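Engineer: A structural model of the following input is requested.
(one chain, ligands or ions: 1)
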Amino acid sequence: MSDQFISENASEKDQILCLCGNSEAFAKKFTSLSYRFVSCKTCESLFRIPPYFEIEAYPDDYYGESETEKFWLSPIISLLEYERKGRARFLSKFCNSESSALDIGCGNGKLLKKISELKPNCKISGIELDSKAARRASKIDGIRVFNNGFHEANLSDEKYSAISMIHSFEHIPNPDKTIQKLAKHTANGGVVYIAIPNRSSFQYKLFRKHWLHLDPEWHLHFIRPSVLKSRMEKEGFEFIKAKHFHPVQNIPGFILSTHNIFTKKRDVLFNVLKDKKMLKKIDGLLSFIFLGLFSAILFVPAIIEEIMATLFRRGATIDMIFQKKV
Ligand SMILES: [Zn+2]
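Structural biologist: Purely as a prediction, here's the structure:
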């Protein structure tokens, strides 16, 4: 089997440009999944094939059944809320009456709402494909929502002092173009806050194609953090810090990835936690009970993995913060 996977005659849309600069040499990965993946031969960042979506919007159930949250289990909601507050507090430090904030992939707009509560005078915008979630975000007072993809959104000459991409970067095709647009629209001294699944994590090494955060239906690329950092620096950003401790994402990541090794379908419990109605069906209820019990056994190893990953800077998901040089 040839290692060469991307045809020289591929259309522009199918072309992959890795952030390390390689656009030619890729090796096959995970060919048994419904989506194929290739690995950059230079830096081992991972790309899904096809490297784009054919969708106008995310399906209504993508953001969960609830009006406000992706999951229905209250401890998960509280933990997500806690994480969101921390990010809002950080981003709001860069917002004032003369500046503006932008959340790319804003979903229901909950992060933006938190920022606007902390800094009511800051001009606040979000970008989200036209969906139920985007319509909910548009209803929040004082928030402008662009209803299209990041590359398509017409931001004219606007410069933002705080830009966030909370688990949206990996959903947007052509990461190189994304970084160029980020650079164009970040004000000098402004910050870009990117949360991504970490290709260099212990969890990726452990679980590979079973990894929860691989989410092959929706995640298009997994750029190594060191490569993202170098590419951002080339666009005039300074790397401020990376945060590896994310128990809300990473502990379920360990537990549900372990489930994926044993279950026929991927992410069974994850989907039940998004849609309470599945409990009314016998297979949904049985999955919830059995995988719930299995999760209880996996909880301690998951915590140990999270602590080790934080200590060794190999978190399953990481937040990377960059500041545009003045
Ligand atoms: Zn690469």
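Engineer: dump the residue contacts of the residue in the stretch 201-326 of the chain that the ion sits nearest to.
Structural biologist: Nearest residue of the stretch 201-326 of the chain to the ion: Val227, at 5.9 Å (Cβ to the ion). C-beta: built from backbone N, CA, C; applies to glycine. Applying Cβ atoms under 8 Å, 6 or more residues apart in numbering, we find Val227 in contact with 18-20, 43, 45.
Engineer: do a quick rundown of the strands in the protein.
Structural biologist: 26-29, 36-40, 46-49, 100-104, 123-127, 143-146, 160-166, 186-197, 221-222, 237-243, 317-324 (DSSP state E).
Engineer: centre of the chain versus the fourth one, how much separation?
Structural biologist: A distance of 16 Å separates the C-alpha centroid of strand 100-104 from that of its chain, computed with Cα atoms, centre = their mean, to the nearest Å.
Engineer: now do the last one
Structural biologist: A distance of 12 Å separates the centroid of the chain from that of strand 317-324, by Cα atoms, centre = their mean.
Engineer: what angle do it and strand 237-243 make?
Structural biologist: 150 degrees (axes from the mean of the first three to the mean of the last three Cα atoms, to 10 degrees).
Engineer: please save the CA atoms from strand 317-324 in PDB.
Structural biologist: C-alpha atoms of strand 317-324 as PDB (Å, rounded to 0.1, in the frame of the first residue of the first chain):
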ATOM      1  CA  THR A 317      -7.300  19.100  25.500                       C
ATOM      2  CA  ILE A 318      -5.400  22.400  26.000                       C
ATOM      3  CA  ASP A 319      -6.000  26.100  26.000                       C
ATOM      4  CA  MET A 320      -3.300  28.100  24.200                       C
ATOM      5  CA  ILE A 321      -3.100  31.800  24.600                       C
ATOM      6  CA  PHE A 322      -1.400  34.200  22.200                       C
ATOM      7  CA  GLN A 323      -1.000  38.000  22.200                       C
ATOM      8  CA  LYS A 324      -0.500  40.100  19.100                       C
END
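Engineer: list the buried residues for that strand?
Structural biologist: Buried residues in strand 317-324, defined by neighbour count with 16 or more other Cβ atoms under 10 Å: 317-324.
Engineer: within reach of the ion, which of those are there?
Structural biologist: Contacts with the ion within these, counted by Cβ under 5 Å from the ion: none were found.
Engineer: in a markdown table, list those along with pLDDT and distance to Ser92.
Structural biologist: Output for those, formatted as a markdown table (pLDDT from 0 to 100; distance: Cβ to Cβ, whole Å):
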| residue | pLDDT | distance to Ser92 |
| --- | --- | --- |
| Thr317 | 97 | 22 |
| Ile318 | 97 | 21 |
| Asp319 | 98 | 15 |
| Met320 | 98 | 19 |
| Ile321 | 98 | 14 |
| Phe322 | 98 | 17 |
| Gln323 | 98 | 15 |
| Lys324 | 97 | 18 |
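Engineer: burial count for the nearest residue to Lys110 once chain neighbours are set aside?
Structural biologist: Spatial nearest neighbour of Lys110, chain neighbours left out: Arg84 (6.1 Å); criterion: Cβ to Cβ, 6 or more residues apart in numbering. Neighbour count for Arg84, taken as other Cβ atoms under 10 Å: 17.
Engineer: my read is that Arg84 contacts Leu111, right?
Structural biologist: Yes: Arg84 sits in contact with Leu111 when judged by Cβ atoms under 8 Å, with a separation of 5.6 Å.
Engineer: show me what from this protein comes close to the ion.
Structural biologist: Residues of the chain lying near the ion (Cβ under 5 Å from the ion): 18, 20, 22, 40, 42-43, 45.
Engineer: switch the cut-off to 6 Å
Structural biologist: Neighbours of the ion within the chain, by Cβ under 6 Å from the ion: 18, 20, 22, 40, 42-43, 45, 227.
Engineer: quick one, domains of this structure?
Structural biologist: 66-245+316-324, 250-309 (automatic domain parsing).
Engineer: for the contacts of Val227, which one is nearest Arg36?
Structural biologist: Nearest to Arg36 among the contacts of Val227 is Ser45, at 15.3 Å by Cβ to Cβ.
Engineer: now for the worst-scoring helix or strand of the chain on mean pLDDT, which elements pack on it?
Structural biologist: Sorting the helices and strands of the chain by mean pLDDT, DSSP states H and E puts helix 268-274 at the bottom, at a mean of 74. Counting contacts by 3 or more Cβ pairs under 8 Å, 6 or more residues apart in numbering; DSSP states H and E, helix 268-274 packs against helix 247-262, helix 282-311.
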